[in-house]
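Engineer: Sequence plus predicted model, see below.
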Number of protein chains: 2
Amino acid sequence: MARVVVDVMLKPEILDPQGKAIAGALPRLGFEGVTSVRQGKRFELEVEGELTPERLAAVEEAARTLLSNPVIEDYVVHADSPLEAGA
Amino acid sequence: MARVVVDVMLKPEILDPQGKAIAGALPRLGFEGVTSVRQGKRFELEVEGELTPERLAAVEEAARTLLSNPVIEDYVVHADSPLEAGA
């Protein structure tokens, strides 16, 4: 079993109202020094067996066609270790 | 200017209906071999000046109290290079 992560973010030129709202709230909550916040999506895909180049290419294709909207979003696909809980 | 990324994912024991819906759609769209999908959030924060330990701790605190819900979500904070566009 291998894990592949797909990070999807709005393209820089696209307005990000959610990110702006968070950036606006941070100083009011005592968090200084953060000049901007952008919010996107993170997908963790468990893939059967070894992560072959073919399988990674299939995930790349799924990222491009299903997990992101290429008109307004950029995506990055990377094999990754599981998210170590920070909480 | 430094960039810090906060990845927020549902805790493993929490049901992820969005992830399940995507995992269900993938085979119908011709993507085989993906056994599970989990969807979370990715935040990119731009921080003024150098990323000092104090500033990283402040982002950690913001991740814990504002960007995630510690009851159902885990988070990881990491300094990161900008998302290289894959699209």
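Structural biologist: Looks like it came in fine.
Engineer: ok, residue A:26 - contacts?
Structural biologist: A:32, A:34, A:37, B:62, B:66 (CB atoms under 8 Å, 6 or more residues apart in numbering or on different chains). From N, CA and C alone the C-beta is placed, and that goes for glycine too.
Engineer: biggest strand in chain A by residues?
Structural biologist: strand A:34-47 (DSSP state E).
Engineer: PyMOL command for the buried members of the contacts of residue A:26?
Structural biologist: Burial among the contacts of residue A:26 is assessed by 16 or more other CB atoms under 10 Å in any protein chain shown; the matching PyMOL selection reads:
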select buried, (chain A and resi 34+37) or (chain B and resi 62+66)
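Engineer: Pipe the contacts of residue A:26 into JSON lines and attach pLDDT and distance to residue B:52 per row.
Structural biologist: JSON lines is the format used below for those (pLDDT from 0 to 100; distance: CB to CB, whole Å):
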{"residue": "A:32", "pLDDT": "87", "distance to residue B:52": "12"}
{"residue": "A:34", "pLDDT": "91", "distance to residue B:52": "13"}
{"residue": "A:37", "pLDDT": "96", "distance to residue B:52": "19"}
{"residue": "B:62", "pLDDT": "93", "distance to residue B:52": "15"}
{"residue": "B:66", "pLDDT": "92", "distance to residue B:52": "20"}
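Engineer: Which of the contacts of residue A:26 lies at the shortest distance from residue B:1?
Structural biologist: Of all these, residue B:1 sits closest to residue A:34, with 10.9 Å by CB to CB.
Engineer: who's the closest one bridged to?
Structural biologist: residue B:47 (DSSP bridges).
Engineer: how about stretch A:33-44: buried residues?
Structural biologist: Buried, per 16+ other CB under 10 Å, within stretch A:33-44: A:33, A:34, A:37, A:38, A:39, A:40, A:41, A:42, A:43, A:44.
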